[in-house]
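J.: whatever this is, show me its structure:
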Amino acid sequence: MTSAPFPGESVERYDVTARRDSDYYAVFADIPADDQAAWDRARAYVDEVAPQMREAWDRAEYPLEAAAKMGEYDLVVDGIEHADLTRLSPLAAGLVNMEISRGDGSLGTILAVQGGLALRTLALFGSPAQQERWLKPVADATVLASFALTEPDHGSDSVSLETTARRDGDEWVIRGAKKWIGNGASGGITFVWARVDDEGADDHGAVRCFLVEQSTPGYEGTVITGKGSLRGIHQAHIRLDDVRVPAEAVLPGTKTFKDASTVLYATRSGVAWSALGHATACYEAALSYALQRVQFGKPLAKFQMVQERLTHMLEDLTAMQLYCRRLADLEQAGQLRPTQASLAKFHNTRAARRVAQTARDLLGGNGILLENGVIQHMADIEAIHTYEGTESVQALLLGRDITGMSAFA
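T.: Residues are numbered from 1 along each chain as shown. All right, here's what the predicted structure looks like:
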């Protein structure tokens, strides 16, 4: 038997995390059946693991079984074209990314790392033997994989990476450090980008990628603690202390830093979709709360200032949806340029920040409770706003494209 509410507590808790399928311009009303099926799989996956991820985020733990479950749902493939992988259209891959990030930002980053970066690197540049050994396990997420490019001293200027790889007989010896590497301490494999140090060789000074098993002697991946964002996935500080790998560990398709850029350009669209997922969760939480929360004798939704705030949020959300849908259409037609993905990332992470801030404010004190989602999304947006190229880097890429003049130092 339910007791009557206590005076001053007519509502014990608010239901603000349920989906509202917000799509004011019907941007996703005409998606094909196959794309809808992928989206539905993503929804089912999120519904299954979301409670676990909320607890993991609070405790800063990485539930590896949730990552593996993503592979079971066949969601890691991220639109990568390969004969041995399920093919998702650019729209389907985007919707999956959006939905997973709407559920949890750490899950969105798991997808970005495992699929967008690691699996894409292997599919694009790996040898037949490397793909035969690792492609399916990475796609199934039975082996966790990471993409090690960023270094402690080189983030936005990752082109200046200092990690080296030198030949020694029939082996490569890798030495250097990497930081912020998702899955870098997961016990799986790492795709390490390094500069060839081999005086007299044709590729001396070139940037190449090496497949390194994390159990290899000299590989040390330490989980970065104290994060206020993406707390449900572990990112690593990696030190490579003369790590020896066989000659066949190099990915033969990698020749220059441009190959790393190819992977990053492909995943930049995913960040725009991820930002849309976060913003959708925040907007819908704010709308649900405004409809349920009563103050001064009426729902918040009846106040003029609240309606104006919701309208501003919808404005940003709809623009983000239009950016993403156009990205998918351009990619499907083979016409997407890297700087177009940069503009979408630049716009959407900035817009997501605005939506999250407004939602947090609208929920008042309830906005800082993890159970209501907004504060977690607000924190996680800060990470995606930075990774895959900061706001400033995107602006310089776009500025160079529209003026024809580089302002990079």
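J.: C-alpha coordinates for stretch 226-246, PDB please?
T.: The C-alpha trace of stretch 226-246 is given here as PDB (Å, rounded to 0.1, in the frame of the first residue of the first chain):
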ATOM      1  CA  GLY A 226      40.300  11.800 -11.600                       C
ATOM      2  CA  LYS A 227      38.300  12.500 -14.700                       C
ATOM      3  CA  GLY A 228      35.100  14.600 -14.500                       C
ATOM      4  CA  SER A 229      34.000  13.400 -17.900                       C
ATOM      5  CA  LEU A 230      33.500  10.000 -19.700                       C
ATOM      6  CA  ARG A 231      33.900   8.300 -16.400                       C
ATOM      7  CA  GLY A 232      32.500   5.000 -17.700                       C
ATOM      8  CA  ILE A 233      35.400   4.300 -20.000                       C
ATOM      9  CA  HIS A 234      39.000   4.000 -19.000                       C
ATOM     10  CA  GLN A 235      41.600   6.100 -21.000                       C
ATOM     11  CA  ALA A 236      45.200   5.400 -20.600                       C
ATOM     12  CA  HIS A 237      48.600   7.000 -20.300                       C
ATOM     13  CA  ILE A 238      50.800   4.600 -22.300                       C
ATOM     14  CA  ARG A 239      54.600   4.300 -22.100                       C
ATOM     15  CA  LEU A 240      56.400   2.200 -24.700                       C
ATOM     16  CA  ASP A 241      59.800   1.300 -23.300                       C
ATOM     17  CA  ASP A 242      61.600  -0.300 -26.300                       C
ATOM     18  CA  VAL A 243      58.700  -2.400 -27.200                       C
ATOM     19  CA  ARG A 244      59.700  -5.100 -29.700                       C
ATOM     20  CA  VAL A 245      57.300  -6.200 -32.300                       C
ATOM     21  CA  PRO A 246      57.900  -8.400 -35.400                       C
END
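J.: check which residues of that stretch are buried.
T.: The neighbour-count check on stretch 226-246 (16 or more other Cβ atoms under 10 Å) flags 227, 229-240, 243, 245 as buried. For glycine as for every other residue, the C-beta is placed from the backbone atoms N, C-alpha and C.
J.: show the subsequent helix or strand relative to the host helix or strand of W172.
T.: Using DSSP states H and E, W172 falls within strand 171-182. Using DSSP H and E, the helix or strand that follows strand 171-182 in sequence is strand 189-196.
J.: angle of the helix or strand containing H385 against strand 171-182?
T.: Using DSSP H and E, H385 falls within helix 374-386. Helix 374-386 and strand 171-182 are oriented at 140 degrees to each other (axes from the mean of the first three to the mean of the last three Cα atoms, to 10 degrees).
J.: and helix 374-386, what does it pack onto?
T.: Applying 3 or more Cβ pairs under 8 Å, 6 or more residues apart in numbering; DSSP states H and E, one finds that helix 374-386 makes contact with helix 105-111, helix 257-292, helix 338-362.
J.: what angle sits between that helix and helix 257-292?
T.: 160 degrees.
J.: give me the next element, helix or strand, following helix 374-386.
T.: helix 391-403.
J.: list the buried residues for that next one?
T.: Neighbour-count burial for helix 391-403 [16+ other Cβ under 10 Å]: V393, Q394, L396, L397.
J.: OK, contacts around the third one?
T.: Each residue near L396 by Cβ atoms under 8 Å, 6 or more residues apart in numbering is listed here: S406, A407, F408.
J.: again, only this time at 7 Å
T.: A407, F408 (Cβ atoms under 7 Å, 6 or more residues apart in numbering).
J.: try the first one
T.: If a contact means Cβ under 7 Å, 6+ apart, then V393 has S156 as its contacts.
J.: switch the cut-off to 10 Å
T.: G155, S156, D157, S158, S342, K345, F346, T386, F408 (Cβ atoms under 10 Å, 6 or more residues apart in numbering).
J.: if we can go back for a sec, and the helices and strands packed on helix 374-386, which is most packed in?
T.: helix 105-111 (a mean of 29; mean count of other Cβ atoms under 10 Å).
J.: what's the closest non-adjacent residue to R244?
T.: Of all residues not flanking R244 in the chain, E171 sits nearest, at 5.0 Å (Cβ to Cβ, 6 or more residues apart in numbering).
J.: I figured that neighbour was touching V245, is that so?
T.: Yes. At 6.6 Å, E171 counts as touching V245 under the criterion of Cβ atoms under 10 Å.
J.: for the closest residue to Y219 other than its chain neighbours, pull up the helix or strand it's in.
T.: Spatial nearest neighbour of Y219, excluding adjacent residues (Cβ to Cβ, 6+ apart): V243 at 5.3 Å. Applying DSSP H and E as the criterion places V243 in strand 235-246.
J.: now that strand and strand 189-196, what's the angle there?
T.: Using the same axes, to 10 degrees, strand 235-246 lies at 70 degrees relative to strand 189-196.
J.: helices and strands around strand 235-246, which ones?
T.: Identification of packing neighbours for strand 235-246 by 3 or more Cβ pairs under 10 Å, 6 or more residues apart in numbering; DSSP states H and E yields strand 145-148, strand 164-168, strand 171-182, strand 189-196, strand 207-213, strand 219-223.
J.: sorry, back to before: list the contacts for the residue nearest to R244?
T.: So E171 contacts V243, R244, V245, P246, A247, A249 (Cβ under 10 Å, 6+ apart).
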